[in-house]
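A.B. asks: Sequence plus predicted model, see below.
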Amino acid sequence: QVQLSESGGGLVQAGDSLRLSCAASGRASDNYAMGWFRQAPGKEREFVASIRGMNDITFYQDSVKGRFTIFRDSAKKAVYLQMNSLEPEDTAVYYCTLRSYGGIYDDRSASVYNYWGQGTQVTVSS
């Protein structure tokens, strides 16, 4: 089993920055991909960014490219999401995810992740 714990959310103004952190514990050595998803009120959960454990290949949602950066610290079993130039449209609960099995999968799909954190709220005021 793997446990994921997010932190770093909060209330900021448009244009500000935040860094989200996600610490993995338990059987976190089987880390083939980690990612971030978000869900805004009244909307479906959507992909934000992901990073592969074997080669650090990253994927981003188009709306966050150039503003968000995902990176990881394998020694700490952690993944981070640096969010710059935040916009009110980024307001959502952000979830950390982990895929513990290998294979060829679309890392942008929520269905490929078998572990999820509880989420951390990010609110961006205009």
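C.D. replies: That came through, no problem. Numbers count the residues shown, from 1 in each chain.
A.B. asks: burial measure for Glu44, as a count.
C.D. replies: Glu44: 7 surrounding residues under other CB atoms under 10 Å. All C-beta atoms are positioned from the backbone trio N, CA, C, and that covers glycine.
A.B. asks: next one: Lys43
C.D. replies: When neighbours are counted by other CB under 10 Å, Lys43 comes out with 9.
A.B. asks: Distance of it relative to Glu89?
C.D. replies: Per CB to CB, to the nearest Å, Lys43 is found 10 Å from Glu89.
A.B. asks: Please enumerate the strands of this protein.
C.D. replies: 2-7, 10-13, 18-26, 33-39, 46-52, 58-60, 68-73, 78-83, 92-99, 115-116, 120-125 (DSSP state E).
A.B. asks: Tell me who's in contact with the spatially most central residue of the chain.
C.D. replies: By CA atoms, centre = their mean, the chain has its centre lying nearest to Trp36, at 1.9 Å. Trp36 is in contact with Leu20, Cys22, Val48, Ala49, Ser50, Ile70, Val79, Leu81, Tyr94, Tyr95, Cys96, Thr97, counting by CB atoms under 8 Å, 6 or more residues apart in numbering.
A.B. asks: The third one: how many residues sit nearby?
C.D. replies: Neighbouring residues of Val48 were enumerated by other CB under 10 Å; the total is 25.
A.B. asks: Spatially nearest residue to it (excluding sequence neighbours)?
C.D. replies: Nearest-residue entry for Val48: Trp36, 4.3 Å, with adjacent residues in sequence omitted and distances by CB to CB, 6 or more residues apart in numbering.
A.B. asks: beta partners of that neighbour?
C.D. replies: Beta-bridge partners recorded for Trp36 (DSSP bridges): Ala49, Cys96.
A.B. asks: Just list the residues touching Gly26, thanks.
C.D. replies: Here Gly26 is in contact with Gln1, Val2, Gln3 (CB under 8 Å, 6+ apart).
A.B. asks: Considering the residues you listed, which possesses the most neighbours?
C.D. replies: Of all the contacts of Gly26, the most densely surrounded is Val2 (18 neighbours; neighbours counted as other CB under 10 Å).
A.B. asks: Tell me who's in contact with that one.
C.D. replies: Residues counted as contacts of Val2 (CB under 8 Å, 6+ apart) are Ala24, Ser25, Gly26, Arg27, Ala28, Asp30, Leu98, Ser100, Tyr115.
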